[in-house]
Each structure stands twice: as C-alpha cells, then as structure tokens.
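Enquirer: Turn this into a structure:
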Amino acid sequence: MRISEKFDFKQFTVYHDQATMKVGTDAVLLGAWAELNQAKRILDIGTGSGVIALMMAQRSSAQTTIEAIEITTGDCKQAIENVARSPWPSKIQIHQISLQQFQAEQFDLILSNPPYFNNSYKPPISERTNARHTETLSHLELLDHSKRLLKPNGSLNVILPITEGNQIKTLAEDKGWYNTRKCVFRSRASKPLERILLELKLDKQELETDELCLYENALDWSSGYKALTKGFYL
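Expert: Next up, the predicted model:
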C-alpha cells in the first residue's frame with residue numbers, strides 16, 4: 001500500500017515523503033500529551049519531519065520559541081520545509097546536530113520520541129537504523145544531556161514501548177530524575193499495553209497516572225483519545 005506523502009492536521013501539513021520515519025501515533029500522542037506549563041523555550045530532540053515541534057508551536061504562546069534537532073540530512077531538510085510552510089515559521093528553528101554536540105540556553109520543556117531498540121535486528125538503511133535504534137543516542141545520553149539543557153523546574157517528556165519505557169524510568173530515577181506524570185497506551189482494550197508516556201522532572205512531585213486506549217470499538221476512536229487530540233486531527 002502506498003503511503004501518502006503528507007499528513008494534514010487542522011492547522012498545518014507535514015510532508016514526510018523524504019523522512020526516515022513517517023508521522024505516526026507516537027509523535028501525535030507525545031505532542032498532545034506533554035504539559036506546556038507556559039513554557040517559553042522548548043526543545044524537540046530527534047524532530048524527524050518536525051511534527052512534534054509544529055504541535056508545540058500550535059499549542060504554545062506567541063512568545064514561545066522552539067528549537068528542534070535532527071542528525072539525518074533528509075529529515076532535517078524536510079522539517080525545515082514543513083516549518084517554512086506552516087503558520088509559525090519564525091517560532092521554530094531546526095538544527096542538524098546531535099544532542100551530544102548541541103549547546104543552547106536551558107529549556108523549560110524537552111520532548112523526545114527517542115530511538116528504543118537496543119539488541120534487535122537492525123534494518124539495512126542506516127538512516128532508519130539511527131531513527132529506531134540506540135546507535136547514536138543511548139537512553140543514558142538522552143537523560144544526561146537533557147539534564148544539562150533543562151531548567152531546574154523544567155520537564156523532559158518521552159514516549160517509548162512499555163519495556164523500554166520502564167527501563168528508562170528506572171535509569172532516570174537512578175540518575176536523580178523523578179517521574180511526575182505517566183500514561184500507558186494501548187490500541188484496543190483487548191490488546192496488551194503498547195506505549196508509555198513519561199514526564200520526568202528534577203524536583204520531586206506526586207505522580208499522576210493515566211491510561212489511554214486508541215479504539216473504543218471497531219475503528220471508532222475512544223472519547224479519551226479524541227479529547228486529547230481534538231486540536232490536531234481533521
């Protein structure tokens with residue numbers, strides 16, 4: 001089946017025909033779920049086609065600035081083009097650089113839909129390997145460099161498969177982070193849990209937990225998923 005070259009949201013369109021990873025539920029979930037808390041500086045790590053950065057631009061105030069980093073040339077080029085044709089070309093800056101090399105003033109909010117496969121089959125295309133496997137950004141590096149770039153009262157938000165999510169949560173707690181929000185996600189009530197969304201902070205707060213299901217029955221989205229993403233889907 002041919003994948004569409006673009007994905008239309010209510011206020012913007014994301015072309016992903018040249019992107020390593022296409023627009024999917026993971027990115028939309030994270031972009032809609034993360035709490036902005038009046039964030040003035042936002043960082044999107046591994047922006048791909050730029051979808052999360054664009055969601056943040058739609059949700060944030062006019063004074064908010066968003067920086068997005070990406071190591072893959074094709075993805076970076078496509079993200080720049082998507083931002084340029086969006087309603088917020090001056091709010092978002094795209095940088096082709098690794099997180100390890102990135103230097104900037106600290107951020108109020110950091111988001112990442114990070115690589116997650118550690119010891120599994122690696123696809124032959126190097127760009128897809130980088131996008132899906134922790135070859136160029138380990139979870140420990142993600143945590144350490146996010147701490148370096150985050151304001152003391154800021155938050156890091158990630159989405160991962162359940163196993164990898166629980167692993168990074170344990171690793172984060174060992175590194176001085178606190179899990180302050182958590183949402184587990186499954187496509188259907190009869191299916192096992194598939195994804196976990198985590199908000200991590202450097203100051204301790206009471207943990208908020210939630211569970212979300214994509215489909216209520218057949219192909220009808222659940223009321224919870226529709227409420228979360230109503231600002232974006234057509």
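Enquirer: Spell out the residue ranges of the helices in the protein.
Expert: 25-33, 51-59, 73-84, 126-132, 139-149, 162-174, 223-229 (DSSP state H).
Enquirer: which of the ones you listed sits most buried?
Expert: Neighbour counts (mean count of other Cβ atoms under 10 Å) averaged over each of the helices of the chain peak at helix 51-59, with a mean of 25. The C-beta positions use only the backbone N, C-alpha and C, and glycine is treated the same way.
Enquirer: got the contact list for it?
Expert: Helix 51-59 has contacts (Cβ atoms under 8 Å, 6 or more residues apart in numbering) with 7, 9, 11-12, 14, 16, 23, 27-28, 30-32, 34, 36, 42, 44, 47, 64, 66, 68, 79, 82-83, 86-88, 91-92, 94, 109, 111, 113, 231-232.
Enquirer: any idea of the angle it forms with helix 73-84?
Expert: 20 degrees (axes from the mean of the first three to the mean of the last three Cα atoms, to 10 degrees).
Enquirer: Just the buried residues of the strand ranked longest in the chain, please?
Expert: Using DSSP state E, we find that the single longest strand of the chain is strand 150-161. For strand 150-161, the neighbour count (16 or more other Cβ atoms under 10 Å) marks 150-151, 154-160 as buried.
Enquirer: Greatest separation within those residues: which pair is it?
Expert: K151 and L160 (23.2 Å; Cβ to Cβ).
Enquirer: rewinding a little: so which of the buried residues of strand 150-161 would you say is closest to L198?
Expert: The closest of the buried residues of strand 150-161, once distances to L198 are taken by Cβ to Cβ, is V158, at 5.4 Å.
Enquirer: show me what contacts that closest one?
Expert: Per Cβ under 8 Å, 6+ apart, neighbours of V158: 30, 111-114, 142, 165, 168, 197-198, 200.
Enquirer: right, and the helices of the chain - which one's nearest E208?
Expert: Comparing the helices of the chain by Cβ to Cβ, helix 25-33 comes nearest, at 11.4 Å.
Enquirer: Show residues contacting the closest one.
Expert: 48, 51-52, 55-56, 59, 111, 113, 157-159, 183, 185, 195, 197, 212, 214, 228-229, 231-233.
Enquirer: out of the helices of the chain, nearest to A189?
Expert: The closest of those to A189 is helix 223-229. By Cβ to Cβ, the value is 11.6 Å.
Enquirer: how about the CA coordinates for the closest one, as PDB?
Expert: Presented in PDB, the C-alpha positions along helix 223-229 are these (Å, rounded to 0.1, in the frame of the first residue of the first chain):
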ATOM      1  CA  SER A 223     -13.500   9.500  23.800                       C
ATOM      2  CA  GLY A 224     -10.200   9.900  25.700                       C
ATOM      3  CA  TYR A 225      -8.100   9.800  22.500                       C
ATOM      4  CA  LYS A 226     -10.400  12.200  20.700                       C
ATOM      5  CA  ALA A 227     -10.400  14.600  23.600                       C
ATOM      6  CA  LEU A 228      -6.600  14.600  23.700                       C
ATOM      7  CA  THR A 229      -6.000  15.100  20.000                       C
END
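Enquirer: Give the other helices and strands that it contacts.
Expert: helix 25-33, strand 208-213 (3 or more Cβ pairs under 8 Å, 6 or more residues apart in numbering; DSSP states H and E).
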